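Engineer: Got a predicted structure plus its sequence, pasted below:
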Amino acid sequence: MKKDTEQKRQRNRKSGPDNGEARREAPAPLDAARKRKRKREKESKRVDRAAASVKPTPRASSPDASHQGSTDLGAGSATHPTDESAIQLPARPSKRKKSKTKDSEKRVRMSSPPLPNQVASRPNREEQASAGDRRAGYRLPPHSRVLAPMVGGSELAFRMLCRRYNADLCYTPMMYSGRFAEDPAYRAAEFHTCPEDRPLVAHFCGNDPAVLLQAARLVQERVDAVDLNLGCPQRIAHSGHFGSYLLDKEDRPLVLEIVRTLSRNLEIPVFCKIRLLESVDETVDLCRGLAEAGCSLIAVHARYRGTATRRRDGPAHLDQLAKVIGQLGPDFPCPVLSNGNVRTADDVLENQHRTGAAGIMSAEGLLDDPTLFAHISPSPTTLVNAISSGEADAGNVGDQAIEKARKKITKKLKEIKRLRKLDRELSSEEAAKVATRSTLKKELAKLDAVVGGEAPRARAAVNEDDIGSSVAMGVNVNNPLALAEEYLDLCHKYPSATLSTQIFHVRRMCKQLLNKYQLMAECCAAKSEPDLRATLQKCKLFADGTVPFVFDAEREREAAEVLVRRKEEAAKRKAYDGRLTRKAKREGLPLDHYLKIGRDPPAHSDISRISALPKEEQIPAWRAEFGQHCFAFHCAEGGCARAKACAFFHTDISRVDPSWLQESTS
């Protein structure tokens with residue numbers, strides 16, 4: 001009996017669809033779904049046509065007339081036929097109720113918004129089209145010469161300085177979206193701007209779409225775009241899971257959902273700053289995904305990502321970026337900016353020529369020389385538009401730039417004249433050149449009107465109202481000491497920079513002169529802005545020969561000791577990182593587990609606060625906050641007795657750069 005039952009089961013399995021068992025319906029293919037959609041649309045049109053052909057019926061006087069099938073399509077009617085029972089329609093084939101219900105449920109599921117913790121998949125064609133529509137509705141700010149985001153480096157005063165010297169777009173320092181959204185004190189301390197500080201991009205880090213949207217909405221009325229940090233390689237980015245550590249494939253849906261959420265809900269465009277991935281194809285795929293999600297501009301730092309314990313420094317890989325831009329093609333909807341290997345004006349032009357980028361972003365180059373972009377002559381069209389619109393005064397532009405623009409236009413007009421004399425049909429490219437003849441003539445006439453046959457003029461004084469112009473307004477090109485004083489004046493006008501930030505910028509701008517006249521240590525030890533100005537004045541007196549400079553061997557020895565100490569601290573930090581990483585590995589913890597604890601150096605206020613505690617509470621409090629730094633070095637009267645043999649950091653906080661978190665973007 002059992003054998004017969006088993007044979008019967010085998011026959012039923014082999015017989016497939018004829019075995020009489022209820023089979024689960026296969027999901028309808030995409031083509032079938034489209035057919036059903038088209039059929040519904042046709043059905044809706046048929047209903048509308050039938051409804052239009054029905055003559056209106058007077059409203060019944062009975063209060064129950066509406067329940068007897070009467071309808072009123074008059075102008076003053078409050079009711080309209082909403083179902084097919086009120087209209088005589090041609091017969092149509094019946095449809096199974098089960099299938100109709102199932103399709104309806106599927107449509108509801110597809111149109112339902114994702115849950116807060118649900119990550120959306122890759123957008124379909126309709127979503128891609130809507131992303132393109134959103135981009136078409138935005139007017140992107142100028143982005144050919146861009147100041148990069150830098151922690152402790154791109155604050156308001158420095159942005160205003162760079163704007164005076166042809167930077168046409170500036171980014172804020174990196175801001176933590178979570179703290180920015182929740183903490184008013186953090187917002188007040190980190191975000192500073194003014195009406196002249198435009199166009200401006202707010203640069204946020206984070207990994208939560210809702211939190212990032214909340215933070216972006218707080219600033220969208222005061223900036224021109226919001227940027228998502230996908231490039232920071234620092235350890236703090238690894239521990240916080242943001243920056244370049246969101247570029248792994250498993251986080252790609254999250255990244256695209258962040259961009260999609262921001263682009264759908266903000267009234268300003270969304271930008272992204274990324275790094276190169278391991279291959280050109282991976283980077284291209286990332287860029288295309290960002291564009292499909294609604295990103296309007298992508299800045300690529302042309303260096304590879306780092307790991308939690310090692311950053312990838314060295315020259316930027318511009319050849320790889322050129323391949324990425326080449327594969328994206330001219331029809332790619334997002335402008336791509338190149339970031340890396342920019343120290344001089346020639347580097348700017350070379351970078352743009354090699355990569356084909358829509359613009360150049362600089363960080364380290366502008367820290368050393370905020371006038372970097374001023375060394376590049378603006379195009380004739382930019383020059384004419386700036387002067388004609390009143391954005392720039394011809395006296396501030398300079399006759400050399402005007403004459404150079406005139407020569408460029410004249411050369412183009414001569415080429416057009418030659419083409420017009422040719423006894424043949426012009427190519428499409430040649431015809432396009434000839435079509436610009438009238439525009440070029442108008443530009444030349446405007447420049448001639450500016451010059452007016454007068455003798456060359458000296459540069460006029462800086463007009464504070466012209467800050468932010470697309471043409472250089474500053475007067476201190478090739479004069480780092482005057483440039484540093486100009487920056488300090490801006491710090492006084494726009495009080496956003498701390499003293500440590502001011503010291504950082506001044507020593508970067510005047511590095512060569514401060515080292516030459518042995519004033520670098522004095523600059524770094526300044527206790528106030530007047531002290532910093534006094535150091536600059538000394539340097540100026542030495543430079544112009546008013547006061548003879550006498551080389552001080554003892555001061556040179558002290559400066560050399562500072563350099564040696566910094567190298568030793570760097571070596572100890574590397575060794576310490578290795579020990580903590582090995583300890584975490586032995587204990588089965590994440591490799592950066594101990595590296596997250598007590599990493600940040602203490603500030604003077606932290607040292608004073610902990611020193612004021614009872615003696616038995618000082619060391620536990622120190623270990624809880626600054627466990628990787630030497631307590632005795634900072635708090636003991638005689639310092640640390642172990643000196644170089646100490647396993648903890650001996651960080652001289654008076655010399656700590658405020659940009660210790662910034663990524664190297666040179």
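Structural biologist: Cool, got the structure. Numbering: from 1, shown residues only.

Engineer: can you give me the mean pLDDT across stretch 581-589?
Structural biologist: Confidence over stretch 581-589 (mean pLDDT, whole number) is 86.

Engineer: May I see the buried residues of that stretch?
Structural biologist: For stretch 581-589, the neighbour count (16 or more other CB atoms under 10 Å) marks Thr581, Ala584 as buried. Heads up, the C-betas are built off the backbone N, CA and C, glycines and all.

Engineer: could I have it exported to CSV, CA atoms only?
Structural biologist: Extracted in CSV, the C-alpha atoms of stretch 581-589 (Å, rounded to 0.1, in the frame of the first residue of the first chain):
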residue,chain,number,x,y,z
THR,A,581,45.2,47.9,16.2
ARG,A,582,47.0,44.7,17.2
LYS,A,583,45.3,44.7,20.6
ALA,A,584,41.9,45.1,19.1
LYS,A,585,42.6,42.2,16.6
ARG,A,586,43.7,39.9,19.5
GLU,A,587,40.5,40.6,21.3
GLY,A,588,38.3,40.1,18.3
LEU,A,589,37.2,43.8,18.2
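
Engineer: how about the helices in the stretch 251-400 of the chain?
Structural biologist: 252-265, 280-293, 318-328, 345-355, 364-368, 380-388, 394-397, 399-420 (DSSP state H, counting those that start in this stretch).

Engineer: For these, which has the smallest mean pLDDT value?
Structural biologist: helix 394-397 (a mean of 48).

Engineer: Need the helices of the stretch 251-400 of the chain in JSON lines (columns: mean neighbour count and distance to Ala575).
Structural biologist: Below are the helices of the stretch 251-400 of the chain laid out as JSON lines (neighbours: other CB atoms under 10 Å; distance: least, CB to CB, whole Å):
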{"stretch": "helix 252-265", "mean neighbour count": "21", "distance to Ala575": "35"}
{"stretch": "helix 280-293", "mean neighbour count": "20", "distance to Ala575": "34"}
{"stretch": "helix 318-328", "mean neighbour count": "19", "distance to Ala575": "33"}
{"stretch": "helix 345-355", "mean neighbour count": "17", "distance to Ala575": "35"}
{"stretch": "helix 364-368", "mean neighbour count": "23", "distance to Ala575": "27"}
{"stretch": "helix 380-388", "mean neighbour count": "20", "distance to Ala575": "52"}
{"stretch": "helix 394-397", "mean neighbour count": "20", "distance to Ala575": "54"}
{"stretch": "helix 399-420", "mean neighbour count": "15", "distance to Ala575": "53"}
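
Engineer: and these as a markdown table, adding distance to Ala445?
Structural biologist: What follows is these, written out as a markdown table (distance: least, CB to CB, whole Å):
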| stretch | distance to Ala445 |
| --- | --- |
| helix 252-265 | 43 |
| helix 280-293 | 41 |
| helix 318-328 | 37 |
| helix 345-355 | 28 |
| helix 364-368 | 35 |
| helix 380-388 | 10 |
| helix 394-397 | 14 |
| helix 399-420 | 10 |
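
Engineer: Of all the ones you listed, which one is nearest Ile610?
Structural biologist: The closest of the helices of the stretch 251-400 of the chain to Ile610 is helix 364-368. By CB to CB, the value is 32.9 Å.

Engineer: what helices or strands is the closest one leaning on?
Structural biologist: The helices and strands touching helix 364-368, judged by 3 or more CB pairs under 8 Å, 6 or more residues apart in numbering; DSSP states H and E, are helix 499-509.

Engineer: Which among the helices of the stretch 251-400 of the chain is found nearest to Asp197?
Structural biologist: Closest approach to Asp197 among the helices of the stretch 251-400 of the chain (CB to CB): helix 364-368, 15.8 Å.

Engineer: give the contact list for the closest residue to Asp319 other than its chain neighbours.
Structural biologist: Nearest non-adjacent residue to Asp319, counting by CB to CB, 6 or more residues apart in numbering: Arg354, 7.4 Å away. Counting by CB atoms under 8 Å, 6 or more residues apart in numbering, Arg354 touches Leu318, Asp319, Ala322.

Engineer: Could you give the number of residues near the nearest residue to Lys572 once chain neighbours are set aside?
Structural biologist: Spatial nearest neighbour of Lys572, chain neighbours left out: Phe649 (6.6 Å); criterion: CB to CB, 6+ apart. Using other CB atoms under 10 Å, Phe649 has 18 neighbouring residues.

Engineer: do you know how far Phe649 is from Ala521?
Structural biologist: Computed as CB to CB, to the nearest Å, the Phe649 to Ala521 distance reads 21 Å.

Engineer: Check Lys433 too.
Structural biologist: For Lys433 relative to Ala521 (CB to CB), the value is 59 Å.

Engineer: Against Ala570, how distant is the residue nearest to Lys572?
Structural biologist: 10 Å.

Engineer: what's the answer for Val223, then?
Structural biologist: Taking CB to CB, one finds Val223 at 37 Å from Ala570.
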